[in-house]
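Peer 1: got a predicted structure here, sequence first:
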Amino acid sequence: MSKLKNTYEPAFVPGSRLKQVIQYNQELAISGRRNLYTADSDQLVYHWTDKANGIVPQSGEWSSPKETSFSLGDHACRVDIGVGFPAYDEVPSHLEGYEATPLSWAKDYACLLANSPAEIHPFESIVGEFHWEMNEVRKYYFGDRVHELGHEVRALGAGGTSHGHTCLDLGIGLREGWCGILARIEKSLALYTRLEHPDKINYLQGLKIICTAIMDYIQKHADRALALAEETDDPAQKELYLFVAKDCAQIASGKPETYHQAIQWIQFAIMTDRMVGHGNGYGHLDLYLNDFFLKDTAAGLLTRQDAREYLAELFLKVRGQHFTICGRLKDGSDATNEMSRVILESYDMVDDYNNLFLMWHKDMDQEVFSYACDVLARHGASVPTFCNYDLMVDCELRSGVDPEVAWTVAVGGCQWFSIPGREYCDQDVNSIVLLDPMWRAMDRAIQTNTSDFEVFYQMFVEEFKRTTEALRIFKDAQYEVLDKIWPEMATSLHFHGPIERGTDITGHRGVDVQYTSVNILGIPNVADSMYAMKKLVFEQHAYTLAEVRKAVSENWENNEVMRQRFLHQDKYGNDIDDVDFLLVRITDMIAEVLDHTYNNRGQQYRASLFQFQGHTAVSVLPATPDGRLAQEPLAHGCNPTAGRNTKGLMATANSLAKIHNYKFLGGTLQVELQPKFFDGKENLADYIRTFTEAFFAMNTFQINLNIIDLEKLKDAIDHPENPEYQNIIIKVTGYTTRFICLAKPFQIEFCGRTNYESM
Amino acid sequence: METASVFDIYRGTTHDGPGLRSTVFFQSCPLSCRWCHNPEGITAAPGVWWEARSCIGCMLCQDACPVSANPAGETGIHIDRERCIRCGSCVDACPTGAMSFIAREWSLPALLDEVLRDQAFYQKTGGGVTASGGECMVQHAFVARFFQELKAQGVNTALDTSGFAAFSAFEEVLPYVDYVLYDLKLLDASAHRQFTGQDNSFILENARKIASAVKEERFRAELWIRTPLIPGATATAENLAAIGDFIAGQMEGQVRRWELCAFNNSCITKYQRLGLPWACQDVPLLRKEETEALRKAAVSGGVDNELVFVTGLLRE
């Protein structure tokens, strides 16, 4: 009767060549070779364990067994071929001994590239594919001091690591080419050699090795394509190999000159960045490409269909890509251009994994926004994801970012943003679990026989400060060693500063902007819990705090009536002011504490109102006084806990809009809308457009919109082999995946969400 | 203070007028349509009901009831509506919300505050507030005040009505209405009596009067007609053709949209909660061929094809 998702007539059809490329990439994804793994539940919640910093190495001595890891979906740029790095024994840090220096890091990186094959598949015009990342090759260890502090901060409910969660400015290299970047490195190296600065010399020698290694790696693709062209008898394929060879050869040494070369350049830039680790965003795709597109189409070198197809190939290859379109230019005018539209058309055509963001503002091109809404309505996979440009700029300004550059803000990843090429951001990999300060406040209030909610609340504030302070000390210890043990040198090539300053983006003032951003997990659960305790313990005296603490620690066992009473207190997300404003009070408190917390770069902490997947880690998150059972997921970000919002999407949107969003670095309205909402309606896109405009006018950040029937999707958990399910793509939290590639606990959490019947 | 009895408020509806809307369901209805989707809204004194899905079987409701009106039976709690004094002791005692009042009294300021929360969405989407029911015209004095206040705040208003009310009551409300969503269910008088329990002459007379009042610009409202497509009752070619003739011939060319609303039985759980049998519980969804045939009949009498829309779920 009802359908799983919307069906529609395609607006653009891939050509026969692209169809082959799509098929190849779909097979990679469906077979799990694009999967990205996280070590365990602790990693999801605290973003740090002593087992692994960040994403688990997939091979080598630091890898974890796949059986105990969780798949985050077909999220990886890396293509798994089931074998470890072949030149493992030749890695310089293994042969010559490990040194915590940029030069040592760079030599290992160069070894990784030198021993990674040039993969070129038939039918491709955009090439490049890799199989191993730096953490499979080189030891990634912060040292004993950091690990000791890690355990301490973990006990207080926080954690974090720092790697690859920032936004590159690929415009630098698209203008200069690798050759231009290399020339600047050499110039800077000469300067610091003359001025005798050993650390900077070491760093720049390393950068030079890296830049050269990348150029060689690209040239290797040109050579390989030429060899393949000679081997093949098929004239069309031969021509394609020659095309690839010519364009790779051009960008290996010179600047990209054409649209196709620009896309191939971006592909290599992202690949060689992703080989370092995982999680960066890549900036304003439409601004990068528009001039190339206009020039080539005006010269008759490029058709619009070709433009879509080359871009589609990039989309298929670069997993985890967070590209941004639209927004404003420096003078405040609309940045939307023809390329913004081509990018949307390309996704509309290829309909696969994608993390494209559209930065909406009230003055933007209405036709492009309407088309974007139409694309979203038909595909229903949260592409593009809408975010609110003016609010993002305000957030950056509030933190102290120079207005001269704040306007360049772009989405960096799942639901956060940064200044491309000017901000070292470790957003998304630091976490505070808000439950922990609440437990400690409850214990203190029990010990001191507290009968006043305000006294209890102040204890909670103090405990939150304690956790934050422990996190600060832990992060500072990481920052002290970060640019020595894990400099992000391939990434730093795309930033304004590191080359000239001889300092990595991870080092002190390698770039101007170096805030520390923290995901806060469990805000709605803590707000709902505090509200229920306020009512039932402090006002009605129906239970004591000690009874509550005991009941939740026993997962409410034999206390179902009590649990139901806590569960049926008013909940955040229903546009009920009392409870919503308690949540706002808590978020304001978080912002105030972090506003006064500075890292050892002299820059402040910032909170974001989401956490990408920690809410699902039920094995490490006990029951809560909001009536939640231990086996139920926490709320996702600042969305209400699933099932607790019963008054529809507008009420939930209103609740979310009460938060002072300008104080935070992102927070998403996550919507799973039933496809039947659109049945019999004319102008589907209009509902999305007008809802978005109204929601963003209330100063809110982001909308993730999946149009899917969750009840029907449940069948896909047990029948991933069914072809109907193999290409179902969803926005999980801030990232996209094929549903069948997600680990089962994540699938179950997704299907358990509120499935709105209406906007 | 002036209050209204309201049994539900849906936020974000798209079925009751243009844009995203809040629909306020006013209690009590003079009709008792066999297919009614809101059976809890018919009676004027609804009392409490019980929901099996939320009940944990703690029996605190039974302990609390002063008149023993909610004995547990084989299928759960049975509410003895004769005995129930509507005191709400069971509702207070219930920890899960399984026992609740069907309707609650809203003061005008409270109801305004509730629906005005979504004004930002109404304005962007061209939506607003719809009064429905039950039959909202039963509480016409309150609805008139409610709409008057909404209009003063710039909110678009829609009146969803069966037409079964005194014309003077309509005259009181219509000055504050942007859209009239007027039901024409059955043109045949005896069929109307059979399926709704009331005569339709009053309804048809009001339809003509409202149309001519709109034509004379005594009110600014835009007039929409809605016809539920109920297999075995309203969903016949003859009925649709007859309604089409009436619209084309007697409504002064004032109808701007005619919605044919396909039946579904998703409200079966409401009948179960009320412990009532329902004649339509097994009626299947219509097929597209069927609705298209009905639509063809609807436009046979001269109603502009562009004005007719089929809405609702269909069988695939």
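Peer 2: The structure has been received and is ready for your questions.
Peer 1: spit out the contact partners of A:Thr49.
Peer 2: The contact partners of A:Thr49, taken as C-beta atoms under 8 Å, 6 or more residues apart in numbering or on different chains, are A:39-40, A:42-43, A:159. (C-beta placed from N, C-alpha, C; glycine too.)
Peer 1: for the stretch 51-200 of chain B, what lies in contact range of chain A?
Peer 2: For the stretch 51-200 of chain B, the contact set with chain A under C-beta under 8 Å from any C-beta of the partner chain comprises B:56, B:58, B:60, B:95-97, B:117-118, B:120-121, B:123-126.
Peer 1: find the nearest non-adjacent residue to A:Phe70, please.
Peer 2: A:Ala743 (4.0 Å; C-beta to C-beta, 6 or more residues apart in numbering or on different chains).
Peer 1: for that neighbour, list the residues it contacts.
Peer 2: A:70-72.
Peer 1: closest point of the stretch 201-316 of chain B to chain A, which residue?
Peer 2: Nearest residue of the stretch 201-316 of chain B to chain A: B:Thr311, at 4.9 Å (C-beta to the nearest C-beta).
Peer 1: from memory that residue sits against B:Leu260, does it?
Peer 2: Yes: with contact defined as C-beta atoms under 8 Å, B:Thr311 counts as touching B:Leu260 (7.1 Å).
Peer 1: dump the residue contacts of the residue nearest to A:Ser41 when sequence neighbours are not counted.
Peer 2: What sits nearest to A:Ser41 in space, not counting adjacent residues and going by C-beta to C-beta, 6+ apart, is A:Ala617, at 3.8 Å. A:Ala617 makes contacts with A:41-42, A:44-45, A:745, as judged by C-beta under 8 Å, 6+ apart.
Peer 1: if we can go back for a sec, which of the contacts of A:Ala743 fall in strands?
Peer 2: Of the positions in the contacts of A:Ala743, A:70-71 sit in strands, assigned by DSSP state E.
Peer 1: between the contacts of A:Ala743, which is closest to A:Gly150?
Peer 2: A:Phe70 (20.5 Å; C-beta to C-beta).
Peer 1: partners of that closest one in the sheet?
Peer 2: In this entry, A:Phe70 is beta-bridged to A:Thr38, by DSSP bridges.
Peer 1: could you report the pLDDT at it?
Peer 2: At A:Phe70, the pLDDT value in this model is 86.
Peer 1: again, but for the one 3 residues further on
Peer 2: At A:Gly73 the predicted local confidence, pLDDT, stands at 91.
Peer 1: how near is it to chain B?
Peer 2: Per C-beta to the nearest C-beta, to the nearest Å, A:Gly73 is found 30 Å from chain B.
Peer 1: nearest residue to that residue other than its sequence neighbours?
Peer 2: Looking at A:Gly73 with C-beta to C-beta, 6+ apart, the closest residue is A:Thr737, at 2.5 Å.
Peer 1: same thing with A:Leu665?
Peer 2: Distances taken as C-beta to C-beta, 6+ apart place A:Ser608 nearest to A:Leu665, at 4.2 Å, with adjacent residues excluded.
Peer 1: report the beta-bridge partner residues of the one you found.
Peer 2: A:Asn519.
Peer 1: run a quick neighbour tally on it.
Peer 2: 27 (other C-beta atoms under 10 Å in any protein chain shown).
Peer 1: now B:Ala298
Peer 2: 28.
Peer 1: ok, now B:Asn305?
Peer 2: Here the count is done by other C-beta under 10 Å, and B:Asn305 has 9 residues near it.
Peer 1: then B:Gly302?
Peer 2: Using other C-beta under 10 Å, B:Gly302 has 10 other residues around it.
Peer 1: show me the contacts for it.
Peer 2: B:Gly302 neighbours (C-beta under 8 Å, 6+ apart): B:244-245, B:248-249.
Peer 1: rerun at 10 Å
Peer 2: B:244-245, B:247-249 (C-beta atoms under 10 Å, 6 or more residues apart in numbering or on different chains).
Peer 1: nearest residue to the middle of chain B?
Peer 2: In chain B, the C-alpha nearest the mean C-alpha coordinate belongs to B:Gly133, at 3.9 Å (C-alpha atoms, centre = their mean).
Peer 1: do you know how far the spatially closest residue to it that is not a sequence neighbour is from chain A?
Peer 2: Distance criterion C-beta to C-beta, 6+ apart; nearest residue to B:Gly133, sequence neighbours excluded, is B:Phe26 at 4.6 Å. Look at B:Phe26 and chain A: by C-beta to the nearest C-beta, they are 18 Å apart.
Peer 1: B:Ala93 too?
Peer 2: Taken as C-beta to the nearest C-beta, the span from B:Ala93 to chain A is 10 Å.
Peer 1: point out the residues in the stretch 601-750 of chain A that sit beside chain B.
Peer 2: Applying C-beta under 10 Å from any C-beta of the partner chain, we find that the stretch 601-750 of chain A lies next to chain B at A:627, A:646-655, A:657, A:676-682, A:686-687, A:689-698.
Peer 1: surely A:Gly84 is in a helix?
Peer 2: No: according to DSSP: H, G, I helix; E, B strand; the rest coil, A:Gly84 belongs to no helix; its state is coil.
Peer 1: need the contact list for it.
Peer 2: The neighbours of A:Gly84, taking C-beta under 10 Å, 6+ apart as the test, are A:57-61, A:63, A:131-132, A:136-137.
Peer 1: chain B: which of those residues is nearest?
Peer 2: A:Gln58 (43.4 Å).
Peer 1: right, and the closest one touches A:Ser64 too?
Peer 2: Yes: between A:Gln58 and A:Ser64 there is a contact under C-beta atoms under 10 Å: 9.0 Å.
Peer 1: shared neighbours of those two, anything?
Peer 2: Here A:Gln58 and A:Ser64 have A:Tyr37 as joint contacts, going by C-beta under 10 Å, 6+ apart.
Peer 1: compare those two (neighbour count), which wins?
Peer 2: A:Gln58 (23 against 18).
Peer 1: coming back round to it: closest to A:Tyr389 out of the contacts of A:Thr49?
Peer 2: Nearest member of the contacts of A:Thr49 to A:Tyr389, counting by C-beta to C-beta, is A:Gly159, at 31.5 Å.
Peer 1: show me the contact partners of the helix or strand containing the closest one.
Peer 2: Assigned by DSSP states H and E, A:Gly159 belongs to strand A:158-160. For strand A:158-160, the external contacting residues (C-beta under 10 Å, 6+ apart) are A:42-43, A:45-49, A:53-54, A:150-153, A:426, A:428-434, A:436-437, A:466-472, A:474-475, A:478, A:516-521.
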